[in-house]
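Chemist: heads up, no residue letters with this:
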């Protein structure tokens with residue numbers, strides 16, 4: 001493991017021109033598809049929805065660029081990372097500094113059963129679930145319902161929850177300022193767009209774009225840490241490297257989807273060294289093919305993960321509610 005960690009350091013130097021290129025090939029299609037959705041809105045609603053979906057896909061990619069900026073891996077300069085991250089946060093409805101803080105906690109505690117709850121998908125163990133009252137079991141089941149998780153949840157996170165730095169105390173002014181500044185910038189941008197194209201047109205186009213992007217983003221994050229043979233242990237057994245490599249999946253997507261999702265599916269390597277720009281993650285896999293077999297999840301097998309809702313500490317794997325009841 002130590003030799004691998006040392007090897008990964010050579011991939012951590014970002015290329016400024018490559019980073020700028022990735023921004024251009026993401027934001028230009030996003031803008032173009034958004035405009036096409038608006039143009040076709042009064043001509044053909046079905047075609048307009050298709051362009052909304054495409055714009056949403058590229059909006060997700062903008063979020064993933066923001067994600068790399070938050071790790072300080074997209075540019076050599078911290079200032080450049082922060083500027084780009086803040087600007088993109090206005091489009092992705094994500095306050096950059098507040099999100100970066102909670103996400104860093106997620107990276108530092110991934111796979112640790114005793115430090116769940118910040119920047120992750122709420123996951124209970126089988127015993128914790130059955131120790132709950134009937135009412136709270138019902139709440140958890142609702143939370144883990146696929147419709148809530150992938151339809152209502154994404155809308156709630158990006159439209160409502162991100163408007164406040166949840167989980168951060170009032171005393172942390174920089175995170176509140178980040179969130180308030182992002183909210184003000186979003187408001188100004190929305191008002192300008194409404195002024196130029198109209199209230200109804202803007203929301204009929206942009207809300208689907210946001211919801212498509214949010215759904216894709218939540219699904220990717222879910223499948224990166226919610227799969228059958230996952231890694232969850234108590235603090236006394238936990239270590240960062242096992243939590244990174246075994247507590248994150250390798251989502252083996254087809255090449256077009258891998259590009260569109262900025263290699264975020266190569267998540268186990270990203271967690272091992274978050275300073276690697278996403279455009280070098282594929283190089284790591286090519287140079288270290290043994291990593292392709294670690295926690296590999298395919299597009300087809302990922303669909304099975306929807307049913308997993310509880311961690312079984314006795315079996316060391318994720319299980320469904322029905323499976324958990326069988327082993328009481």
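Modeler: Perfect, I can see it now. Given the structure is predicted, the values throughout are model-derived calculations rather than measurements. Numbering: from 1, shown residues only.
Chemist: which residues of the stretch 1-150 of the chain fall in strands?
Modeler: Ranges of strands in the stretch 1-150 of the chain, per DSSP state E, counting those that start in this stretch, are 124-125.
Chemist: ugh, wrong one, I meant the stretch 151-300 of the chain
Modeler: Counting by DSSP E, counting those that start in this stretch, the strands of the stretch 151-300 of the chain are 250-252, 296-298.
Chemist: Could you save those as JSON lines and add columns showing mean pLDDT?
Modeler: Output for these, formatted as JSON lines (pLDDT from 0 to 100):
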{"stretch": "strand 250-252", "mean pLDDT": "97"}
{"stretch": "strand 296-298", "mean pLDDT": "95"}
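Chemist: Of the ones you listed, flag the one that's most buried.
Modeler: Greatest average neighbour count among these goes to strand 250-252 (a mean of 21), per mean count of other C-beta atoms under 10 Å. All C-beta atoms are positioned from the backbone trio N, CA, C, and that covers glycine.
Chemist: Adding distance to residue 112, write the strands of the stretch 151-300 of the chain out as TSV.
Modeler: As requested, those are exported to TSV (distance: least, C-beta to C-beta, whole Å):
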stretch	distance to residue 112
strand 250-252	20
strand 296-298	21
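Chemist: Out of those strands, the one nearest residue 230 is which?
Modeler: strand 296-298 (10.3 Å; C-beta to C-beta).
Chemist: Quick one: list the elements packing against that closest one.
Modeler: Contacts defined by 3 or more C-beta pairs under 8 Å, 6 or more residues apart in numbering; DSSP states H and E place strand 296-298 against strand 250-252.
Chemist: what's in contact with the strand it packs on?
Modeler: The contact list for strand 250-252 (C-beta atoms under 8 Å, 6 or more residues apart in numbering) reads 220, 223-224, 264-269, 291-292, 294-299, 302.
Chemist: repeat that for 7 Å
Modeler: Outside strand 250-252, the residues that touch it by C-beta atoms under 7 Å, 6 or more residues apart in numbering are 223-224, 265-268, 292, 294-298, 302.
Chemist: same question, stretch 86-95
Modeler: For stretch 86-95, the external contacting residues (C-beta under 7 Å, 6+ apart) are 59, 62-63, 65-66, 96, 158-159, 162, 165, 178-179, 182, 185-186, 189, 210.
Chemist: How many residues are close by residue 24?
Modeler: Neighbourhood size, residue 24 [other C-beta atoms under 10 Å]: 10.
Chemist: residue closest to the middle of this structure?
Modeler: With the centre of the chain defined as its mean C-alpha position, the nearest residue by C-alpha atoms, centre = their mean is residue 221, 4.2 Å away.
Chemist: Not counting sequence-adjacent ones, nearest residue to it?
Modeler: Leaving aside its sequence neighbours, residue 221 sits nearest to residue 121 (C-beta to C-beta, 6 or more residues apart in numbering; 7.2 Å).
Chemist: What's the separation between residue 86 and residue 213?
Modeler: 18 Å (C-beta to C-beta, to the nearest Å).
Chemist: One more: residue 241?
Modeler: Separation of residue 241 from residue 213 (C-beta to C-beta): 32 Å.
Chemist: Which one's more surrounded, those two?
Modeler: For the pair residue 241 and residue 213, the greater number of neighbours falls to residue 213 (27 against 13), based on other C-beta under 10 Å.
Chemist: shouldn't the more buried one be in contact with residue 60?
Modeler: Yes. In this structure, residue 213 is within contact of residue 60 by C-beta atoms under 7 Å, at 4.6 Å.
Chemist: thinking again about what came up before, most neighbours among the contacts of strand 250-252, please name it.
Modeler: The residue in the contacts of strand 250-252 with the most neighbours, by other C-beta under 10 Å, is residue 266 (27 neighbours).
Chemist: can you count the residues close to the nearest residue to it once chain neighbours are set aside?
Modeler: When the adjacent residues along the chain are set aside, residue 266 lies closest to residue 281, with 4.2 Å between them (C-beta to C-beta, 6+ apart). Other residues within reach of residue 281, judged by other C-beta under 10 Å, total 22.
Chemist: show me what contacts residue 281?
Modeler: Residue 281 is in contact with 263, 266, 269-270, counting by C-beta under 7 Å, 6+ apart.
Chemist: got JSON lines for these, with pLDDT and distance to residue 232 too?
Modeler: Listed next are the contacts of residue 281 as JSON lines, based on pLDDT from 0 to 100; distance: C-beta to C-beta, whole Å:
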{"residue": "263", "pLDDT": "97", "distance to residue 232": "25"}
{"residue": "266", "pLDDT": "97", "distance to residue 232": "21"}
{"residue": "269", "pLDDT": "96", "distance to residue 232": "20"}
{"residue": "270", "pLDDT": "96", "distance to residue 232": "19"}
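Chemist: now the residues you listed as JSON lines including distance to residue 253?
Modeler: Shown next, in JSON lines, are the contacts of residue 281 (distance: C-beta to C-beta, whole Å):
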{"residue": "263", "distance to residue 253": "9"}
{"residue": "266", "distance to residue 253": "9"}
{"residue": "269", "distance to residue 253": "14"}
{"residue": "270", "distance to residue 253": "14"}
